[in-house]
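Q: 3D, please:
(4 chains)
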2 protein chains.
Amino acid sequence: MAISNAVSFSFRQNLAANGLRLTNSRKAIFKVLVESRPLTFSELLAKTERMTDRVSVYRNIALFEQLGIVNRIKVGWKYKLELSDSYGVHHHHLICIKCGRIFDIAEDQHINDFIKAISQDHAFVPRYHSFEIEGYCRSCAEPVQRTSDIN
Amino acid sequence: MAISNAVSFSFRQNLAANGLRLTNSRKAIFKVLVESRPLTFSELLAKTERMTDRVSVYRNIALFEQLGIVNRIKVGWKYKLELSDSYGVHHHHLICIKCGRIFDIAEDQHINDFIKAISQDHAFVPRYHSFEIEGYCRSCAEPVQRTSDIN
DNA sequence: CTGCTTGCAAATCTTTTGCATTGAA
DNA sequence: TTCAATGCAAAAGATTTGCAAGCAG
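A: Now for the predicted structure:
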């Protein structure tokens, strides 16, 4: 998959605007992110290990997060990485508890209104938000029911 | 702080219903959770180290999560633990990026409606959801602005 | 009693740090 | 040329596993 000019440009811009350099390591990591569904850190390490050192992946992912290039998606007790909304439409996720697949859902105006109202009530200045729904996807039958007093 | 009878009862019930034992280790961990604001795993380890072994904390927190007793709250790149909604009113969080404090916000009907609608569209069976807003709280002035092309 | 749980030791895996070298601007 | 960025080595931290002993039911 080729990286679109717009996305690639935005990436270079973001680095340049912060006085940071466009290195092979950063290009390689960014490329993997563009070409992947959300992935775990170790999946990312595996996919980049021939191109760059493990340590550079840590350092650059931390950097990318600060620059708003990547997001972490909470998945149960773990998390996955994906390119941030700056590189696409803002969206949330449906996460299947059984097969682990992640489905995108579009941003909704109700959520934005809610964030605005809540923030005003608390004199809070919102910067980011995350909204994830976990459950069972179409192809995964629901597994053994948990005890009824849990919910 | 004393643990309310209702909460304590629910905890015992939950364990008993799953054929699990009410041990000192589990009681100690639960008590710390009841008496704490959301805390990190290492904070929890510190607060329990005189009462139980580190390994038991890992094992029991994993267990508590399966039983729906604790939740993880995403906080930037990390997470914190808190008693789950089964032991209180369901709520979401405002998380201050600067001071790290976490403020509870009440569940909102708009969000529940949204979850229902989205789930139907995707033939998805929702089980849990998380909604977190990160930003700056009342007492934390906004720090150095990030470059404008990020948002 | 029984076998679920714990605690200890030690293995593993993950993430961070220091420093000399490299290479993007 | 210059200094940000990398790669390597090694430390530090976090999490998991095996197993004998302990204790809740």
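Q: make it CA atoms for all contacts and neighbour counts henceforth
A: Fine.
Q: hang on, residue A:129 in a strand?
A: Yes: counting by DSSP: H, G, I helix; E, B strand; the rest coil, residue A:129 is part of a strand.
Q: that one contacts residue B:131, doesn't it?
A: Yes: shown here, residue A:129 and residue B:131 form a contact pair, counting by C-alpha atoms under 8 Å, at 7.3 Å.
Q: and for the two, which residues touch both?
A: Overlap between the contact sets of residue A:129 and residue B:131, as judged by C-alpha atoms under 8 Å, 6 or more residues apart in numbering or on different chains, is nil.
Q: so the residue in chain A that DNA strand D sits nearest to: helix, strand or coil?
A: Of all residues in chain A, residue A:20 sits closest to DNA strand D, at 3.2 Å by C-alpha to the nearest atom of the strand. Three-state call for residue A:20 (three-state DSSP): coil.
Q: can you tell me the SS state at residue A:94?
A: Going by three-state DSSP: residue A:94 is strand.
Q: thinking again about what came up before, count of neighbours near the residue of chain A closest to DNA strand D?
A: Other residues near residue A:20 number 11, with proximity taken as other C-alpha atoms under 10 Å in any protein chain shown.
Q: repeat that for residue A:16.
A: 12.
Q: grab the nearest non-local neighbour of it.
A: Spatial nearest neighbour of residue A:16, chain neighbours left out: residue A:22 (7.9 Å); criterion: C-alpha to C-alpha, 6 or more residues apart in numbering or on different chains.
Q: tell me the pLDDT at the one you found?
A: Residue A:22 is assigned 97 on the pLDDT scale.
Q: which stretches in chain A count as helices?
A: Here chain A has its helices, by DSSP state H, at A:5-17, A:24-35, A:41-48, A:54-66, A:109-121.
Q: with distance to residue B:40 as new columns, can the ones you listed be given to me in JSON lines?
A: Converted to JSON lines, those look like this (distance: least, C-alpha to C-alpha, whole Å):
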{"stretch": "helix A:5-17", "distance to residue B:40": "32"}
{"stretch": "helix A:24-35", "distance to residue B:40": "28"}
{"stretch": "helix A:41-48", "distance to residue B:40": "20"}
{"stretch": "helix A:54-66", "distance to residue B:40": "20"}
{"stretch": "helix A:109-121", "distance to residue B:40": "25"}
